[in-house]
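> The amino acid sequence is not available; the structure is as follows:
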């Protein structure tokens, strides 16, 4: 109850730890509840575990699911990397990283993929292969891969429960009939551990092969939709496809990064002022390291 | 390079924060005191507490001032602050007739036990701008009655500040079925996310935190004939203070530790007879139903909308609606009326999406390439302009 004279939290100071706030923002009981849901998610690969999603001082839809996972897991000694579309310096990634820095002072942040213990990401996986001692955390807008074919949650839950994915397969088949190919681009559905169809979050298809038998743990947090799911290390992850219409990642024939020259990374097109476009690596850390290495070799 | 402006990074953020933190005041202009915000933007403070799900008038006033009057932002700040507070326990249940009322009306009966108390309302004022009051003068409080209480309602006799519920009167008249004692542990949507279909306690909680405009919109749609329930008459609408009672940690005795202002609405109406009863020859006694709304502060349009939607959701859950509309659909109502979530996700479209957009461009290119090849039997590929995030 707030009576007149209730003590107000002091105005936030930009650099110092936030007075009046708990370590890593959330209260400890909330973090514990999130970790419990996470453990269940790890135990049932690809299954969406409902959890009492908390509101954060970052808007809903801006990474609150991933951030709740990160805040519930970080502790002294952790090194956190935050990327958005592959970029460390994307404004929302910067803002999330700042919140982590301000509320968990003994956690360090990095842009270097290899140095991170926890990587929170929106829409990308780093190009560098992740190790067993790293945790990949994804921000998820819509956790339900079946939502596009069935909007009612009670029904999608039944479909998952009974592994009744026939309508999903029919939808993919119809896509091929209409368009000659499966036209799903980012957020391509995958089958995890031969059991649950899962949304890999809106990462490009490029990022799906590394999920298969990955050494690292992948955690997915949907704050607004209040679901957590996971891919444990060394889990079978198969993008949905037909024998005669195999899965294919994005291809960049004849294209290379305008900054580092890479031909082996996920490129994003960027229009110039003359109506043309050039490509750059979406993984900014990888691109910078590549340039540095080339400079040192030269 | 053009795209660097999108990924402006830390420097741009810091600059934007400096801009937003310098209030748009003129030189020498004083910041409003929180007391002024609380007293003079009372309705806004109440709405923020309701949508933020935290009863804290001072913090709500702070949020309103900090957000420069942006209600969605202010409610969001309060909701986010709420996440930092531990859940220490549950309060004891209270009854509506324990409310010390400042306003209380019924549109079901002309006179009601306890009387109609118009109280502080803008309902019957003429909404004319006070053009002659554009300059601020210090407020002179009118003389108050001796005990400082609101005047007694007409016909109330000796006014105690408490009033019997109209629904209890209707129960005594045999119009409403007797109350069933609910001893089961209530749901808590802040601790367990909703999995549809949900029980009534969960949907009432969801509606209580819902965004006022969203609830009004859906309730209005129900009243205009898009589904809806049976209940359309206000049995009891009251505004006042309820006691907050908890168990004392040492004595284990119930203890009142404060009061909080709420608006409570009970709507009534004739229930549709159950479908199975029709035509079986048995006479079903006509019964009235009751739907419920309770929100923090004085926010009557939200409390009324909540009770309209409660009725619509009960009708939807009972399967009685032959042609269910959005207001009858739990998932539709509850998943789309939380203001914090809806505004957050709508505004997330401002975030960069160039990876998903680029991935979609590739598919479009391939489709167009296939369409341009004469041997291909397929029609021109539709450029899927739906963001792949939503597919």
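Perfect, thanks for sending it. Worth saying up front: this structure is predicted, and the values here are computed from it rather than measured.
> What are the boundaries of the strands in the stretch 151-300 of chain B?
Secondary structure of the stretch 151-300 of chain B (DSSP state E, counting those that start in this stretch): strands located at B:233-247, B:254-270, B:288-296.
> Quick check: next helix or strand after the last one?
Past strand B:288-296, heading to the C-terminal end, the next element that is a helix or strand (DSSP states H and E) is helix B:300-317.
> Could you check how far that following helix is from the centre of its chain?
With Cα atoms, centre = their mean, to the nearest Å as the basis, helix B:300-317 stands 11 Å off its chain's centre.
> Now do that helix: which elements does it pack against?
Counting contacts by 3 or more Cβ pairs under 8 Å, 6 or more residues apart in numbering or on different chains; DSSP states H and E, helix B:300-317 packs against helix B:200-208, helix B:212-223, strand B:233-247, strand B:254-270, strand B:288-296, helix B:330-336. C-betas here are computed from N, CA, C, even on glycine.
> which of those sits most buried?
strand B:288-296 (a mean of 24; mean count of other Cβ atoms under 10 Å in any protein chain shown).
> Toward the C-terminus, what is the element adjacent to the least confident helix or strand in chain B by mean pLDDT?
Scoring the helices and strands of chain B by mean pLDDT, DSSP states H and E places helix B:9-21 at the bottom, with a mean of 82. Under the assignment DSSP H and E, the closest C-terminal helix or strand after helix B:9-21 is helix B:34-40.
> pLDDT (mean, whole number) over that following helix?
Average pLDDT, helix B:34-40: 96.
> returning to that earlier point: arrange the helices and strands packed on helix B:300-317 in TSV, one row each, with distance to residue B:116 and mean pLDDT as further columns.
Listed next are the helices and strands packed on helix B:300-317 as TSV, based on distance: least, Cβ to Cβ, whole Å; pLDDT from 0 to 100:
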stretch	distance to residue B:116	mean pLDDT
helix B:200-208	25	96
helix B:212-223	23	95
strand B:233-247	10	96
strand B:254-270	15	95
strand B:288-296	19	95
helix B:330-336	31	94
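> Spatially central residue for the chain, please.
Picked chain A for this. residue A:138 (2.0 Å; Cα atoms, centre = their mean).
> The helix or strand containing that one pairs with which strands, parallel or anti?
Element membership of residue A:138, judged by DSSP H and E, is strand A:135-139. According to DSSP bridges, strand A:135-139 forms sheet pairs with strand A:118-122 (parallel), strand A:217-222 (parallel).
> Determine which of those strands approaches residue A:40 most closely.
The closest of the strands paired with strand A:135-139 to residue A:40 is strand A:217-222. By Cβ to Cβ, the value is 11.8 Å.
> quick one: contacts of the closest one?
By Cβ atoms under 8 Å, 6 or more residues apart in numbering or on different chains, the residues outside strand A:217-222 that reach it are A:38, A:41-42, A:48, A:53, A:64-69, A:135-143, A:198-199, A:201, A:211, A:228-233.
> quick one: strands adjacent to the helix or strand just after it?
Downstream of strand A:217-222, the first helix or strand assigned by DSSP H and E is strand A:227-231. Partners of strand A:227-231 in the sheet, by DSSP bridges, are strand A:49-50 (antiparallel), strand A:217-222 (antiparallel).
> Okay, buried residues for strand A:227-231 please.
For strand A:227-231, a neighbour-count test (16 or more other Cβ atoms under 10 Å in any protein chain shown) marks A:227-231 as buried.
> and stretch B:185-204, how far apart are its ends?
With Cα to Cα, to the nearest Å as the measure, stretch B:185-204 spans 15 Å from end to end.
> thinking again about what came up before, from the buried residues of strand A:227-231, which is closest to residue A:192?
Of all those, residue A:231 has the smallest distance to residue A:192: 6.0 Å, by Cβ to Cβ.
> Show the pLDDT at that closest one.
Predicted confidence (pLDDT) for residue A:231: 98.
> bridging residues for it?
residue A:218.
> Verify the stated contact: it with residue A:47.
No - using Cβ atoms under 8 Å, residue A:231 makes no contact with residue A:47, being 10.8 Å away.
> could you check whether the helix or strand where residue A:174 lies is close to chain B?
With secondary structure defined by DSSP H and E, residue A:174 is part of helix A:166-179. Yes - judged by Cβ under 8 Å from any Cβ of the partner chain, helix A:166-179 and chain B are in contact via A:178-179.
> Give me the contact list for that helix.
Residues outside helix A:166-179 that contact it (Cβ under 8 Å, 6+ apart) are A:145-146, A:148-150, A:159, A:181-184, A:189, A:197, A:240, A:242, A:245, B:367, B:378, B:381-382.
> Report the buried residues of that helix.
A:168, A:171-172, A:179.
> Which of those residues sits closest to chain B?
residue A:179 (5.5 Å; Cβ to the nearest Cβ).
> near chain B, which residues of the stretch 101-250 of chain A?
Proximity of the stretch 101-250 of chain A to chain B, by Cβ under 8 Å from any Cβ, involves residues A:122-124, A:141-142, A:148, A:151-154, A:157, A:178-181, A:183-187, A:202-206, A:224, A:226-227, A:250.
> Helices - which of these land there?
Here DSSP state H is the test, and those give A:153-154, A:157, A:178-179 as lying in helices.
> Tell me which two of these sit farthest apart.
Taking Cβ to Cβ, no two of these sit farther apart than A:154 and A:179, at 30.8 Å.
> So which of the strands of the stretch 151-300 of chain B is nearest residue B:42?
With distances scored as Cβ to Cβ, the stretch of the strands of the stretch 151-300 of chain B nearest to residue B:42 is strand B:254-270 (9.8 Å).
> Partner strands of that closest one and their direction?
strand B:233-247 (antiparallel), strand B:288-296 (antiparallel).
> quick one: which of the ones you listed is nearest residue B:64?
Among the strands paired with strand B:254-270, strand B:288-296 comes nearest to residue B:64, with 14.3 Å by Cβ to Cβ.
> where's the closest one relative to the chain centroid, distance-wise?
Going by Cα atoms, centre = their mean, the spacing between the C-alpha centre of strand B:288-296 and its chain's C-alpha centre is 13 Å.
> Between helix B:200-208 and that strand, find me the angle.
Using axes from the mean of the first three to the mean of the last three Cα atoms, to 10 degrees, the direction of strand B:288-296 lies 50 degrees away from that of helix B:200-208.
> From the chain's centroid, how far away is stretch A:23-35?
Distance of stretch A:23-35 from its chain centroid, counting by Cα atoms, centre = their mean, is 20 Å.
> ok so, going back, including mean neighbour count, mean pLDDT and distance to residue B:223, could the strands paired with strand A:135-139 go into a markdown table?
Below are the strands paired with strand A:135-139 laid out as a markdown table (neighbours: other Cβ atoms under 10 Å in any protein chain shown; pLDDT from 0 to 100; distance: least, Cβ to Cβ, whole Å):
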| stretch | mean neighbour count | mean pLDDT | distance to residue B:223 |
| --- | --- | --- | --- |
| strand A:118-122 | 26 | 97 | 41 |
| strand A:217-222 | 26 | 98 | 34 |
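> related to what we said a few turns ago, wait, what's in contact with the residue nearest to the centre of chain A?
Listed by Cβ under 8 Å, 6+ apart, the contact partners of residue A:138 are A:66, A:120-122, A:200-201, A:203, A:218-221.
> List just the nearest of these to residue A:273.
Of all the contacts of residue A:138, residue A:122 has the smallest distance to residue A:273: 28.1 Å, by Cβ to Cβ.
> All good on my end, thank you.
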